[in-house]
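*Asks:* the sequence isn't on hand, but the structure is:
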Ligand SMILES: Cc1cc2nc3c(=O)[nH]c(=O)nc-3n(C[C@H](O)[C@H](O)[C@H](O)COP(=O)(O)O)c2cc1C
């Protein structure tokens, strides 16, 4: 029997629990040159803002121990070009489409989501209230429960399909922010965005990226992400969780499902091995068969704790 990899989040069906993470595959076109996007559970697009943004000057990424550090600065084409030039491509893809949005004030999130509400093929929006790499906006929203709740509440009024709030790990208690998102009317949370970090070249004494500090991602943050998912899963927040952080193979996926994620997103691994999500789908099938499980859903939240 072929194991069932399907999961459902807020009424949206995913053929498997493996999605790509925002910012790590643009708007999907480059990835589609390498494999059919239909093999993915879902695709999450790069954060879109109201106006196009060039982002920070290079160098804006650097390799670090067990991961990378980046401060792209939300470089993106802006909502007008996104709708005109990127949506027609995304509309043809046979996978779930999640559009990630970012803003420097609540009104901007509202305006962006109101426009996306008119595009039926945008299955869900993901609110990036947690970007550490912009001067105004981003992380302020995701570190303040009141702002988180208010942002989601206002977006809820203009966007009819499910809303995911993407949470920052750079807080004392991430579950408080998850509860605030739920109170505002979010349908799911994604846990986690990048962890604030820094990298320095000891020869030149220079910081390695122009923004000096940036977001640490990749295997180095996996234990932090697992602990964050576990914390949200065991809190009063009852929203489904999408786990993110350092996932590179099928066993990493299993770990996130066991601590309570219903699905996962793959970010940095795409830069190392662009078809890593496909290998994870195959690996997950083999894992379920070996464990004699008929559905991936049997793993969710089943971690055994001491
Ligand atoms: C180069 C780069 C750009 C990113 N851009 C965004 C972004 O625009 N919006 C967002 O919500 N997250 C962004 N992220 C964060 C990822 O979506 C993800 O949360 C993070 O990388 C952790 O997952 P990973 O360890 O699998 O990479 C970016 C990450 C990287 C590495």
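*Replies:* Nice, thanks for sending it over. Because the structure is predicted, anything quoted here is derived from the model rather than measured.

*Asks:* now do the same end-to-end measure for stretch 260-278.
*Replies:* Criterion C-alpha to C-alpha, to the nearest Å; first-to-last residue distance in stretch 260-278 is 22 Å.

*Asks:* mind listing what's buried along that stretch?
*Replies:* 260-271, 274, 276-278 (16 or more other C-beta atoms under 10 Å). In this view, the C-beta of every residue, glycine as well, is placed from N, C-alpha and C.

*Asks:* those residues: which ones sit near the ligand?
*Replies:* 266, 267, 268, 269 (C-beta under 6 Å from any ligand atom).

*Asks:* which pair of these spans the longest distance?
*Replies:* Largest separation among those by C-beta to C-beta: 266 and 268, giving 8.2 Å.

*Asks:* can you give me the strands for the stretch 201-306 of the chain?
*Replies:* Assigned by DSSP state E, counting those that start in this stretch, the strands in the stretch 201-306 of the chain fall at 213-217, 241-244, 261-266.

*Asks:* which residue sits closest to the closest residue to the ligand within the stretch 151-300 of the chain, ignoring its sequence neighbours?
*Replies:* Distance from the ligand to each residue of the stretch 151-300 of the chain (C-beta to the nearest ligand atom) is smallest for residue 267, at 2.5 Å. The shortest distance from residue 267 to any non-neighbouring residue, by C-beta to C-beta, 6 or more residues apart in numbering, is to residue 21 (3.5 Å).

*Asks:* tell me the contacts of the one you found?
*Replies:* Contacts for residue 21 (C-beta atoms under 8 Å, 6 or more residues apart in numbering) come out as 44, 244, 265, 266, 267, 270.

*Asks:* and it, how far from the ligand?
*Replies:* 3 Å (C-beta to the nearest ligand atom, to the nearest Å).

*Asks:* next: residue 81.
*Replies:* In terms of C-beta to the nearest ligand atom, residue 81 sits 16 Å off from the ligand.

*Asks:* quick check: that residue vs residue 125, distance?
*Replies:* 18 Å (C-beta to C-beta, to the nearest Å).

*Asks:* burial count for residue 65?
*Replies:* Applying other C-beta atoms under 10 Å, we find 10 residues neighbouring residue 65.

*Asks:* that one contacts residue 218, correct?
*Replies:* No. With contact defined as C-beta atoms under 8 Å, residue 65 does not count as touching residue 218 (9.4 Å).

*Asks:* let me see the contact set for residue 266.
*Replies:* Counted by C-beta under 8 Å, 6+ apart, residue 266 has contacts 18, 19, 20, 21, 24, 247, 276, 277, 280.

*Asks:* can you give me the pLDDT of it?
*Replies:* At residue 266, the model reports a pLDDT of 98.

*Asks:* please apply the same query to residue 137.
*Replies:* 51.

*Asks:* what does residue 104 give?
*Replies:* We have a pLDDT of 89 for residue 104.

*Asks:* secondary structure class for it?
*Replies:* coil (DSSP: H, G, I helix; E, B strand; the rest coil).

*Asks:* that one: neighbour count?
*Replies:* When neighbours are counted by other C-beta under 10 Å, residue 104 comes out with 17.

*Asks:* just to revisit the earlier point, of all the contacts of residue 21, which comes closest to residue 178?
*Replies:* residue 244 (13.7 Å).

*Asks:* my guess is that closest one contacts residue 194. True?
*Replies:* No. The pair residue 244 / residue 194 is not scored as a contact, 9.3 Å apart, by C-beta under 8 Å.

*Asks:* let me see the contact set for the nearest residue to residue 198 once chain neighbours are set aside.
*Replies:* Spatial nearest neighbour of residue 198, chain neighbours left out: residue 213 (5.1 Å); criterion: C-beta to C-beta, 6+ apart. Counting by C-beta under 8 Å, 6+ apart, residue 213 touches 71, 132, 196, 197, 198.

*Asks:* I'd say residue 231 and residue 172 touch.
*Replies:* No. Using C-beta under 8 Å, residue 231 is not in contact with residue 172; the gap is 10.9 Å.

*Asks:* of those two, who's got more company?
*Replies:* Neighbour count, other C-beta under 10 Å: between residue 231 and residue 172, residue 231 has more, with 18 against 7.
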